[in-house]
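[1] I would like the atomic coordinates for the input below:
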Amino acid sequence: MAIDQGTTSTRAMVFDRSGAVISREQLEHRQIFPRAGWVEHDAAEIWRNTRRVTAAALASADLRSDHIVACGLTNQRETTLLWDRATGEPVHNAIVWQDTRTGALCERLAGDASVDRYRDRTGLPLSTYFSGPKIAWLLEEHPDLRARGEAGELCFGTMDSWLAWNLTGGPDGGHHITDVTNASRTMLMDIRTLQWDPEICADMGIPMSLLPEIRSSSQVYGPMRDKGPLPDVPLAGILGDQQAAMFGQACLDPGEAKNTYGTGNFLLMNTGVVPVFSLHGLLTTVCYQIGDDDARYALEGSIAVTGSLVQWLRDNLGLFPHAADVEKLAATVDDNGGAYFVPAFSGLFAPRWRPDARGVIVGLTRFINKGHLARAALEASAYQTREVIEAMQADSGVTLSTLKVDGGMVVNDLLMQFQSDILDVPVVRPVVNETTALGAAYAAGLAVGYWDSQDDIRANWAEGARWQPNMPTARREDLYAGWNRAVEHSLNLA
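    Below is the predicted model:
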């Protein structure tokens, strides 16, 4: 079983040895917006939903817990939570990765050293995206939390740590752990030693007693608690969601890459056992670590808003009742009509890293209708992906020959065809496109011997669909030039 704790929902999925889906259950949770730029989640609600979907995934396939050989966890990364070690109660809502409240704090930390102050140790630029500044903000804004943190009364965790702690006992002996992939997204871990960096923690005013123990991505961490839905099942795999998707896509060799289309888009390329540092705005991150093996690294391009833009059109503008309807609406027009949508709701992430950017729609005329807006919203995902791929090719020297894709938006044929057209390379979707959950299941199954080796994972991967580029070169470059002009209008607005 894999528990996939995402930005908008929590899923539990059961897989068999061939990687086929046996059952799945999913529940959305509330998105809390206290003010512009702030995004929070109720961690207690997420823990309740986790228990519900886990039990329901068993029930829907008429399974018992003793049918499950191991459980893996995958999670939205960077989202930051502090909770009481004695009671298990969160002391504040979780601050979500998209949240921008730490902008001024990041500027202060950068000082004269620039946003790259910690990049050589962490692989990351100073940004509102990462967990470290979020912890620092909580402790600065709430002095009582600082005192409790220094007294050892609080735990910090990303959502994997929160769930692992609760699943293995909570206040009654729960394991306070994270894995190397999630730790690499906090901005507090030295990416070479895979240990917390005391100097960075001190700079940010973060007591190291808050931090979980860093473990590999695939090992038996301990049995699940008796009172939970999976009593005595070993918790045996933890991967941040994008690294899990990489694993589920069998991108296990240097140079292999995948793009996940979810709340945001995340493109990762495996770079092997040596971290590669970007000169073009990408992140250096841990890809995975299996047991005691050397860690594998990746270059990553993170795009803040893609699928959540479709949600915004649905919820904030009411253009359609269901997210899946965006494709039908976009297909009512032949092209974008000259309109571009730059969804910089949380600034722009890779490769531009412009926290001052805000969302804009440009090129409006009386001709534009809601179909053009829907199409422009879908195209924004494809343009941003091309930006990241161009940066990745410049850093790695590897030319992309095909793009492996996964995530909720890849069932959208119009988007996938446009992605192939704007990149001028084939786009390939696997048979099982829930590769995030599958990757977490693989990590857990490898740890207990359910799969013998990574060769089993490679053998399980199968192509489900393929899109070939068929757009004239001049048209492709005109559209992309229009996108770049549109992005210029989004800058310096915050």
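[2] how close does Gln5 get to Gly445?
    In this view, Gln5 and Gly445 are 19 Å apart by Cβ to Cβ, to the nearest Å. From N, CA and C alone the C-beta is placed, and that goes for glycine too.
[3] repeat that for Ala357.
    Using Cβ to Cβ, which is the criterion applied here, Ala357 is 42 Å from Gly445.
[4] burial count for the nearest residue to Gly347 once chain neighbours are set aside?
    Of all residues not flanking Gly347 in the chain, Pro355 sits nearest, at 3.9 Å (Cβ to Cβ, 6 or more residues apart in numbering). By other Cβ atoms under 10 Å, 22 other residues sit near Pro355.
[5] now do the contacts for Pro355.
    Contact partners of Pro355, counting by Cβ atoms under 8 Å, 6 or more residues apart in numbering, are 100, 103, 106, 127-128, 347-348, 494.
[6] which phi and psi does the closest residue to Ala86 other than its chain neighbours have?
    Once flanking residues are discounted, Ala86 sits nearest to Pro171: 6.0 Å by Cβ to Cβ, 6+ apart. For Pro171, the backbone dihedrals (degrees, to the nearest 10) come out as phi -60, psi -20.
[7] quick one: the strands in the stretch 201-350 of the chain, in order.
    213-215, 218-223, 234-240, 257-261, 265-272, 283-288, 296-303, 340-342 (DSSP state E, counting those that start in this stretch).
[8] can I get those in TSV including distance to Ala183 and mean neighbour count?
    Below are these laid out as TSV (distance: least, Cβ to Cβ, whole Å; neighbours: other Cβ atoms under 10 Å):
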stretch	distance to Ala183	mean neighbour count
strand 213-215	5	17
strand 218-223	14	19
strand 234-240	9	29
strand 257-261	20	27
strand 265-272	17	24
strand 283-288	8	26
strand 296-303	13	26
strand 340-342	32	25
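[9] export those as CSV, with columns for distance to Gly205 and mean pLDDT.
    As requested, the strands of the stretch 201-350 of the chain are exported to CSV (distance: least, Cβ to Cβ, whole Å; pLDDT from 0 to 100):
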stretch, distance to Gly205, mean pLDDT
strand 213-215, 21, 97
strand 218-223, 29, 95
strand 234-240, 25, 96
strand 257-261, 33, 88
strand 265-272, 29, 88
strand 283-288, 24, 93
strand 296-303, 26, 90
strand 340-342, 35, 96
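[10] out of those, the one nearest Glu488 is which?
    Nearest of those to Glu488, taken as Cβ to Cβ: strand 340-342 at 9.3 Å.
[11] and Ala2, how close does it get to Gly72?
    Counting by Cβ to Cβ, the gap from Ala2 to Gly72 is 5 Å.
[12] shared neighbours, the two?
    The contact lists of Ala2 and Gly72 share 237, 439-441, 444, where a contact means Cβ under 8 Å, 6+ apart.
[13] and the two most separated of these?
    Largest pairwise distance in those, by Cβ to Cβ, is 9.9 Å, between Gly439 and Ala444.
[14] need the residues touching each of the two.
    Here Gly439 and Ala444 share the contacting residues 2, 72, scored by Cβ under 8 Å, 6+ apart.
[15] okay, now the unreliable bits of the stretch 251-400 of the chain?
    Applying pLDDT under 70 to the stretch 251-400 of the chain picks out no residues at all.
[16] ok so, going back, what is the neighbour count of the residue nearest to Ala86?
    Around Pro171 there are 14 residues (other Cβ under 10 Å).
[17] close enough to count as contact, it and Glu89?
    No: using Cβ atoms under 8 Å, Pro171 and Glu89 do not qualify as a contacting pair, with a distance of 9.3 Å.
[18] ok but Leu400 is inside a strand, no?
    No: read with DSSP: H, G, I helix; E, B strand; the rest coil, Leu400 is coil and lies in no strand.
[19] and it, what does it touch?
    257, 389, 392-393, 423, 425.
[20] could you rerun that using 7 Å?
    257, 389, 393, 425 (Cβ atoms under 7 Å, 6 or more residues apart in numbering).
[21] could you pull up phi and psi at it?
    Dihedral angles (degrees, to the nearest 10) for Leu400: phi -70, psi 130.
[22] and it, how close does it get to Met204?
    36 Å.
[23] over to Leu124?
    As defined by Cβ to Cβ, Leu124 lies at a distance of 13 Å from Met204.
[24] again with Thr79
    17 Å.
[25] and what of Thr186?
    Going from Thr186 to Met204 by Cβ to Cβ gives 10 Å.
[26] shared neighbours, the two?
    Contacts common to Thr186 and Met204, judged by Cβ under 7 Å, 6+ apart, are Gly132.
[27] farthest from the middle of the protein: give me that residue.
    Here the centre of the chain is the reference, and by Cα atoms, centre = their mean the most remote residue is Arg366, at 37.8 Å.
[28] which SS class is it?
    Arg366 ends up coil, using three-state DSSP.
[29] list the contacts for the spatially closest residue to Gly174 that is not a sequence neighbour?
    Distances taken as Cβ to Cβ, 6+ apart put Trp165 closest to Gly174, at 4.0 Å, once the chain neighbours are dropped. Neighbour list for Trp165: 155, 157, 174-176 [criterion: Cβ under 7 Å, 6+ apart].
[30] ignoring the adjacent residues along the chain, who's closest to Val360?
    Leaving out its chain neighbours, Val360 is closest to Ser490 (Cβ to Cβ, 6+ apart), at 4.6 Å.
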